[in-house]
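K.L.:
Sharing a model that was predicted from the sequence below.
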Amino acid sequence: MNDLIVKEQGHVGRITLNRPKALNALTHDMCKAIEKYLNLWLADEKIRVIVFDAVGGKAFCAGGDITEMYIRGKAGDLDYGHAFWRDEYRLNAKIFNYPKPIASFLNGFTMGGGVGIGCHGKYRIVGESSRIAMPECTIGLVPDVGGSYILANSSGHLGEFHGLTGTRMGPAEAILIGFADHFISEQHWEQIKDKLSSSGDIQVINNFITDPEPSTDLLDKKELIDQVFGQSTIGEIESALLALGTEWSKDVLKKIYRNSPLSLACALQLIKDQRHSRSIEEALDLEFRFTFRSARYSDFIEGIRAQVIDKDFKPEWKHSSLREVAGSEVEFMLGPLGNQSLKWKEVK
């Protein structure tokens, strides 16, 4: 398919995302094709390393292609979204558990669905242009594709901060929070891929690893972030930020207020719940509880309309304030799905 460039180069199985005009947004067919090749290469002894990269300098992958979900959802067809997420999450788990090393070269923006492809392998490489984010609350969703699992396992309450604000992480922040492993200057990336192809030895990357510019602003604010975002509810976080009354807290509130109140409340609880997840499968199952219900019961369709379709950036959320979201609504959106839960026999 034209949206992917797939090559076997020496000892490398290479998958290049090829939708640069769409910032390499991930489609359902791309998910299924990537899984097919991972299955194929698993049994191929010649292929020792998998490489994920992308065409174009702006983005590795800026998210899932949600336009089709909007069209289908508006027409009452919820099965399309359910099938997309089931296949995508199965792929996310497969990448997380894949026995051969996967090296992801995360140039430019990596967001949403891009995190599910690029941030679960064992060698997640960032460079000068890398910017990683989980901005799902802006479209009425929650951090998913295993992103909430990464957020939950970050230091202190940095996960809540990034999950609720969608703040972009530079290379140093991405490594600190757990979305990346190594900083390597992008001028060396093609040379590394060539060496991987000829040798099949993932350790060749060690010769190119350097330290990124430190994230002094995030480190300086960490104690404050932990204090504010360690609160139990989104309303308490709002109160803590309002009480501070600083330029920083006002900027954080501005980011929060642009998001769906229901998504924020659910994302906060989801990240807290993920600290008890024992596997990527458990984590994805928790996320699927929300996404399965999202088109019918959340702000997801309205969020896509405002941000992607009409681009008026004036969503009419179901709740006009953060404190309007009832605990029972969060419990419903994150409640067990029974026989609709994800099935994992496909990835074992």
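P.N.:
Structure's in. What do you need?

K.L.:
Other residues contacting stretch 88-103?
P.N.:
26, 28, 31, 34-35, 38, 41-42, 47-52, 64, 113, 116-117, 120-123, 125, 144-146, 192, 196, 202, 205, 280-281, 284, 287-288, 342, 344, 346-347 (Cβ atoms under 8 Å, 6 or more residues apart in numbering). C-betas here are computed from N, CA, C, even on glycine.

K.L.:
Return the members of those classed as buried.
P.N.:
Applying 16 or more other Cβ atoms under 10 Å to the contacts of stretch 88-103, the neighbour count classes 26, 28, 31, 34-35, 38, 41, 47-52, 64, 113, 116-117, 120-123, 125, 144-146, 192, 196, 202, 205, 280-281, 284, 287-288, 342, 344, 347 as buried.

K.L.:
In strands only, show me the residues you listed.
P.N.:
The members of these that map onto strands under DSSP state E are 49-52, 123, 125.

K.L.:
Identify, from these, the entry nearest to Leu17.
P.N.:
Phe52 (7.6 Å; Cβ to Cβ).

K.L.:
Who are the contact partners of the closest one?
P.N.:
15-17, 60, 102-105, 117-118, 121.

K.L.:
any chance of those residues in JSON lines, plus distance to Gln269, pLDDT and secondary structure?
P.N.:
Conversion of the contacts of Phe52 to JSON lines gives the following (distance: Cβ to Cβ, whole Å; pLDDT from 0 to 100; DSSP: H, G, I helix; E, B strand; the rest coil):
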{"residue": "Ile15", "distance to Gln269": "34", "pLDDT": "98", "secondary structure": "strand"}
{"residue": "Thr16", "distance to Gln269": "37", "pLDDT": "98", "secondary structure": "strand"}
{"residue": "Leu17", "distance to Gln269": "32", "pLDDT": "98", "secondary structure": "strand"}
{"residue": "Phe60", "distance to Gln269": "29", "pLDDT": "98", "secondary structure": "strand"}
{"residue": "Ile102", "distance to Gln269": "31", "pLDDT": "98", "secondary structure": "strand"}
{"residue": "Ala103", "distance to Gln269": "34", "pLDDT": "98", "secondary structure": "strand"}
{"residue": "Ser104", "distance to Gln269": "29", "pLDDT": "98", "secondary structure": "strand"}
{"residue": "Phe105", "distance to Gln269": "34", "pLDDT": "98", "secondary structure": "strand"}
{"residue": "Ile117", "distance to Gln269": "26", "pLDDT": "97", "secondary structure": "helix"}
{"residue": "Gly118", "distance to Gln269": "26", "pLDDT": "98", "secondary structure": "helix"}
{"residue": "Gly121", "distance to Gln269": "28", "pLDDT": "97", "secondary structure": "coil"}
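
K.L.:
circling back to that earlier point, nearest to Ala174 among the ones in strands among the buried ones among the contacts of stretch 88-103?
P.N.:
Of all those, Ile125 has the smallest distance to Ala174: 10.3 Å, by Cβ to Cβ.

K.L.:
rewinding a little: of the contacts of stretch 88-103, which belong to helices?
P.N.:
Counting by DSSP state H, those place 28, 31, 34-35, 38, 41-42, 113, 116-117, 192, 196, 280-281, 284, 287-288 in helices.

K.L.:
buried ones in stretch 221-229?
P.N.:
Here stretch 221-229 shows 221-222, 224-225, 228-229 as buried, counting by 16+ other Cβ under 10 Å.

K.L.:
what's the closest of the residues you listed to Gly163?
P.N.:
Phe229 (9.1 Å).

K.L.:
Could you pull up the residues touching that closest one?
P.N.:
With Cβ under 8 Å, 6+ apart, Phe229 has these contacts: 157-158, 160-161, 164, 237.

K.L.:
taking those one by one, which sit in helices?
P.N.:
Assigned to helices by DSSP H, the following of the contacts of Phe229 qualify: 158, 160-161, 164, 237.

K.L.:
Is it possible to get TSV of those that adds neighbour count and distance to Ile132?
P.N.:
Output for the ones in helices among the contacts of Phe229, formatted as TSV (neighbours: other Cβ atoms under 10 Å; distance: Cβ to Cβ, whole Å):
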residue	neighbour count	distance to Ile132
Leu158	22	13
Glu160	24	16
Phe161	26	14
Leu164	26	16
Ile237	24	22
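
K.L.:
Between the residues you listed, which sits nearest Lys254?
P.N.:
Leu164 (12.4 Å).

K.L.:
how close does that closest one get to Phe183?
P.N.:
Note on Leu164: its distance to Phe183, by Cβ to Cβ, to the nearest Å, is 26 Å.

K.L.:
Could you double-check that Glu173 lies in contact with Leu218?
P.N.:
Yes. Counting by Cβ atoms under 8 Å, Glu173 does reach Leu218; the two are 5.5 Å apart.

K.L.:
between these two, which one's more packed in?
P.N.:
Glu173 (26 against 19; other Cβ atoms under 10 Å).

K.L.:
Next up, the contacts around Met317.
P.N.:
To be clear, residue 317 is Trp; Met isn't right here. Trp317 sits in contact with 140, 260-262, 299, 302, where contact means Cβ under 8 Å, 6+ apart.

K.L.:
6 Å instead, please
P.N.:
260-261, 299 (Cβ atoms under 6 Å, 6 or more residues apart in numbering).

K.L.:
would CSV of those with secondary structure and distance to Phe292 be doable?
P.N.:
Putting the contacts of Trp317 into CSV (DSSP: H, G, I helix; E, B strand; the rest coil; distance: Cβ to Cβ, whole Å) gives the following:
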residue, secondary structure, distance to Phe292
Ser260, coil, 17
Pro261, helix, 20
Asp299, coil, 15
